[in-house]
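1. Below: sequence and its predicted model.
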Amino acid sequence: MHTKNDEILVLAPSAGILILAAILIVAWLGQRSQRFLLWQFYAYSLTALVLVAQTVIPLEKLNSYALLISTCYLLSAWCLAKSWAQRWRVSTQPKVALLIAIVTLTAIYQFSWVEPNAWARVSIFSLASSLVLALPILQVHSKKISFDLLDKSLLWLSIIFTVYNLTRPALIWLLGYTDLRYLPSSPYWILTLYSVLGFSFLFTVVMTAIAVKETVDKLRKERDFDALTKLLNRRSFQEHAQRHLTDMRSYPMAMLACDIDHFKRINDTWGHERGDMVLQLVATTLQNNVREHDLVARFGGEEFVLLLAGITLQEAEFIAQRIRSDLGSKNTVLPNAPKLTMSFGVSLITKPSQFEQAMKEADQLLYQAKNAGRDRVHVSGVCYQDKSLDIHQQGNRPSA
């Protein structure tokens, strides 16, 4: 028979787990895209409620609730596995999990009503819940997914918890608690409750840290990247460029300023939605024609800037011509329209102090290319004839 102090000691872990669940749901309400927090909340809530039920229901009646308790525990294990899977972007293999649950509940029914055997029930349930928890872990292993420090911590914590869950019946046996009639009042049961609370606390710390990091990364992306094209914005380009400028291995570098020709006409004729699609197509084309360490940014409107590292002026001109040719061959966004064209200005950087001047020079060369007829590349050091298409616009920048 439990004393009041015993009941408090046994109920405290459940209360602690519910508090952790509350923290998770508040975190999820603040960032609803992080659904792994919601699934972890479900897992904690189910676990805490079942632990409370096992504490308050008299031992002689627990056998009658064996199927319900086992079902709730299996659902809790699956929700926890779902939380991991959502974070790692793998599958929980629901069909396999359902098959495990059906076989497990059939066996538990057998050992609850046909041949009552509490020891067999505990062993079968531990094996089944561990298999459910292992499903996303095995997916990560098979796909050889690389993680940062926080996700590695989550993975190892998940493995340790799954192994602990699997070996729990062996611990019961080694500690001499095979007569489960006395288990709820045993030191082992108290240790089990507080170990579950401990794991719950560790998972909460790691998951909330992951959630905070993901939120910060999202805010940084919103700050640093153009929402439409997913390219660097002007401010972020300047920051990344400064890091390139301090690395002497990056020299010589080339600055490319480019602008979509007649973009206003595209918006006026086909609408802004199609215009946005053109901007996205241009962004993809630019990224596909440069290397991973090169910088590509949208400076606003239809103007883009590229910083190419470790490249000669002639090689940069070749890349600009390749982009121009590649874009001209794509007409999927504006069917039955003239080909898409861009004008380019290309300048060279051989030392950090030339950066600002190179940007200005590339911009001037770009508008020289516009004045010369558009759809062309003007390179620093080459003399080009400036012939405006519209005599009324001579001496002024042409429209896009």
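-> That came through fine.

2. Following the helix or strand bottoming out on mean pLDDT in the chain in sequence, what is the next regular element?
-> Lowest on mean pLDDT, DSSP states H and E among the helices and strands of the chain sits helix 59-62, with a mean of 68. Of the helices and strands lying after helix 59-62 in sequence (DSSP states H and E), the nearest is helix 66-88.

3. which helices and strands does that next one pack with?
-> Judged by 3 or more C-beta pairs under 8 Å, 6 or more residues apart in numbering; DSSP states H and E, the packing partners of helix 66-88 are helix 35-56, helix 94-109, helix 118-143, helix 149-174, helix 187-224. For every residue, glycine as well, the C-beta is placed using N, CA and C.

4. Out of these, which is closest to Leu281?
-> When the helices and strands packed on helix 66-88 are compared by C-beta to C-beta, helix 187-224 sits nearest Leu281, at 21.2 Å.

5. Taking helix 35-56 as reference, get the angle to the closest one.
-> 160 degrees (axes from the mean of the first three to the mean of the last three C-alpha atoms, to 10 degrees).

6. Next, the residues that contact the very next helix or strand once past helix 187-224 from outside, please.
-> Per DSSP H and E, the first helix or strand lying C-terminal to helix 187-224 is helix 234-245. With C-beta atoms under 8 Å, 6 or more residues apart in numbering as the test, helix 234-245 has contacts from 223-225, 232, 250, 253, 295, 297-300, 305, 307, 309, 349, 352, 355.

7. Of those residues, keep whichever come out buried.
-> The neighbour-count criterion (16 or more other C-beta atoms under 10 Å) marks 224-225, 232, 250, 253, 295, 297-299, 305, 307, 309, 349, 355 among these as buried.

8. measure stretch 80-98 end to end?
-> Taking C-alpha to C-alpha, to the nearest Å, stretch 80-98 runs 15 Å from one end to the other.

9. Would you agree Leu348 is in contact with Leu307?
-> No: taking contacts as C-beta atoms under 8 Å, Leu348 lies outside contact range of Leu307: 11.6 Å.

10. Which residues are in contact with each of those two?
-> 253-255.

11. possible to save the residues you listed as a markdown table with secondary structure, pLDDT and distance to Tyr109?
-> Converted to a markdown table, the shared contacts of Leu348 and Leu307 look like this (DSSP: H, G, I helix; E, B strand; the rest coil; pLDDT from 0 to 100; distance: C-beta to C-beta, whole Å):
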| residue | secondary structure | pLDDT | distance to Tyr109 |
| --- | --- | --- | --- |
| Met253 | strand | 94 | 72 |
| Ala254 | strand | 95 | 73 |
| Met255 | strand | 95 | 73 |
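
12. Check the residues you listed against Thr246 and report the nearest one.
-> Nearest to Thr246 among the shared contacts of Leu348 and Leu307, with distances taken as C-beta to C-beta, is Met253, at 12.1 Å.

13. quick one: that closest one from Leu80, how far?
-> According to C-beta to C-beta, to the nearest Å, Met253 stands 50 Å off from Leu80.

14. re the thing from before, want to throw the shared contacts of Leu348 and Leu307 into CSV with distance to Gly381?
-> Converted to CSV, the shared contacts of Leu348 and Leu307 look like this (distance: C-beta to C-beta, whole Å):
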residue, distance to Gly381
Met253, 15
Ala254, 12
Met255, 13
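
15. Take the buried ones among the contacts of helix 234-245 and keep only those in strands.
-> 253, 295, 297-299, 305, 307, 349 (DSSP state E).
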